[in-house]
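Chemist: Could you look at this predicted model? Sequence included:
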Amino acid sequence: GENVEQHPSTLSVQEGDSAVIKCTYSDSASNYFPWYKQELGKRPQLIIDIRSNVGEKKDQRIAVTLNKTAKHFSLHITETQPEDSAVYFCAARRVQGAQKLVFGQGTRLTINP
Amino acid sequence: GAVVSQHPSRVICKSGTSVKIECRSLDFQATTMFWYRQFPKQSLMLMATSNEGSKATYEQGVEKDKFLINHASLTLSTLTVTSAHPEDSSFYICSATLAGGSIGELFFGEGSRLTVL
């Protein structure tokens, strides 16, 4: 089955700097890769996603890159702000057949003012 | 957008009792729902995949007799924690995918925090 590895587990950056979180996956058939932001006690919130037919996607300060060959995808947050502080999860799944979504271990991001 | 509602948001029960958590898709039909469990400072771990009208598929290590899942309609799945014990205390989150959808996105409920005394 699918296995998703996420690094680093914690990340602290100065406000205004960039943050990068990296994930690898094991199932070459996975074709949907979302990133979630979760605040304490709340549900995960989808912040960006990418499908396997695209190598990069950007939404304002957030971007995701995907390398299918290496089975690697990354989240990039630029111009970080204190409100970006949260736990971020990557995930992967096969869309066909409503396959399960497997999460990475999570990254606790802290933005220092 | 697609909305998934989960109830109750918090529940406290005594050890040995059973607790039912409901997950509803409010504005769409969900043939498949997923139940996750999240311990403090950990990731979301899939417990089972719930398909409407059929038996749930449980992940390895999850006791199907302890975590009963019923998906009787296209908009409702329930998780019953039977004979709950303190180690079952956790945050339980359901998610659903659109019936026949090919987009990939899952929609999450608000989560239910279970505390077993």
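Modeler: Received the coordinates, thanks.
Chemist: Tell me, how many residues neighbour the closest residue to chain A within chain B?
Modeler: Using Cβ to the nearest Cβ, the closest approach of chain B to chain A is made by B:Gly104 at 3.5 Å. (C-beta placed from N, C-alpha, C; glycine too.) Here the number of neighbours of B:Gly104 (other Cβ atoms under 10 Å in any protein chain shown) works out to 22.
Chemist: Identify the residues contacting the residue nearest the centre of chain B.
Modeler: Nearest to the mean C-alpha position of chain B, by Cα atoms, centre = their mean, lies B:Trp35 at 3.5 Å. With contact taken as Cβ atoms under 8 Å, 6 or more residues apart in numbering or on different chains, B:Trp35 is in contact with B:23, B:46-48, B:50, B:67, B:69, B:77, B:79, B:92-94.
Chemist: In the sheet, which residues pair with the residue of chain A found nearest chain B? Tell me.
Modeler: Chain A approaches chain B most closely through A:Tyr32 (3.5 Å), counting by Cβ to the nearest Cβ. Taking DSSP bridges, one obtains A:Arg51, A:Arg93 as the residues bridged to A:Tyr32.
Chemist: can you pull the pLDDT of it?
Modeler: On the pLDDT scale, A:Tyr32 is placed at 92.
Chemist: now B:Ala99
Modeler: Reported pLDDT for B:Ala99: 64.
Chemist: and if you look at A:Val87?
Modeler: Reported pLDDT for A:Val87: 98.
Chemist: That one is in what secondary structure piece?
Modeler: strand A:86-92 (DSSP states H and E).
Chemist: isn't B:Phe67 right next to B:Ala84, touching?
Modeler: No: contact status for B:Phe67 versus B:Ala84: not in contact, 10.2 Å apart, counting by Cβ atoms under 8 Å.
Chemist: And these two? Which one has more around it.
Modeler: Applying other Cβ under 10 Å to B:Phe67 and B:Ala84 shows that B:Ala84 carries more neighbours, namely 22 against 19.
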